[in-house]
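# need a 3D model of the following:
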Amino acid sequence: MMICFSRIDDRLIHGQVVTTWSNLYNIEQIIVLNDKIAGDITQKNILSMAAPQGIKVKAFPIKKFSEIIQTTTITRRTMLLFSTSEDVLEAVQNGVPIEALNVGGMRYQEGRERLTKAVAVTPSEKKAFQTLLEHGLEITVQMVPNDEKVNLKEVL
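Just a heads-up that it's a prediction; the model follows:
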């Protein structure tokens, strides 16, 4: 299995993701797991254009991807990219193998609880994080590799 890195970032593919994280892990493809984006051709085109040359970008509905990886071996060094903890929980519950999760940005808006400078959650996102932690997933908050890692347990 060539899933090298899994990350939540509500901006998905942007400068920090493509330059720092993809270089650090020698990423060859980014797979966005989100039901809404997977069905939006415009969004998928924007994501492909945002990625550096040479990195493939694909978007899948979560359930579909979990079915695909049951029978297909991923051969490229892959980053899984999510926009919410709820999507990660659904992926894990459907058998997507995620050993550790990096949380980049989940922007603050009304109705969201701020956990760190860069991470704010809705009650259901907080519950999804708690469930993931209960199942033993290592979750750290870190915008870019040079930032100090913060264990999500400490801020939840």
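# got the end-to-end distance for stretch 99-113?
Using CA to CA, to the nearest Å, the end-to-end distance of stretch 99-113 comes to 26 Å.
# I should have written stretch 2-12 there, sorry.
20 Å.
# pLDDT (mean, whole number) over that stretch?
The average pLDDT within stretch 2-12 is 94.
# name the residues that touch that stretch?
For stretch 2-12, contacts defined as CB atoms under 8 Å, 6 or more residues apart in numbering pick out 16-17, 21, 24-27, 32, 37, 47, 50, 74-85, 88, 97-98, 100-107. Every residue, glycine included, has its C-beta placed from N, CA and C.
# ok, now stretch 31-42?
Contacts of stretch 31-42 (CB under 8 Å, 6+ apart): 12-13, 43-44, 47, 57-65, 78-83, 87, 91, 96.
# give me the buried stretch members for that stretch, please.
31-34, 37-38 (16 or more other CB atoms under 10 Å).
# so which of the contacts of stretch 31-42 sit within helices?
43-44, 47, 62-65, 87, 91 (DSSP state H).
# of all those residues, which two lie farthest apart?
L47 and K63 (19.7 Å; CB to CB).
# of those two, who's got more company?
Each of L47 and K63 has its neighbours counted (other CB atoms under 10 Å); L47 has more, 19 against 14.
# and that one, what is it in contact with?
Here L47 is in contact with 12-13, 30, 32, 37, 57, 59 (criterion: CB under 8 Å, 6+ apart).
# between the residues you listed, which is nearest V150?
Distances from V150 to the contacts of L47, taken as CB to CB, are shortest for L12 (21.3 Å).
# contact partners of the helix-or-strand element of the chain with minimal mean pLDDT?
Here the helix or strand of the chain ranked lowest by mean pLDDT, DSSP states H and E is helix 15-16, holding a mean of 76. Contact with helix 15-16 is made by 9, 104, 143-144, as judged by CB under 8 Å, 6+ apart.
# what does stretch 134-145 give?
For stretch 134-145, contacts defined as CB under 8 Å, 6+ apart pick out 16, 20-21, 24, 92, 98-105, 115-116, 118-119, 129, 132-133, 148-153, 155.
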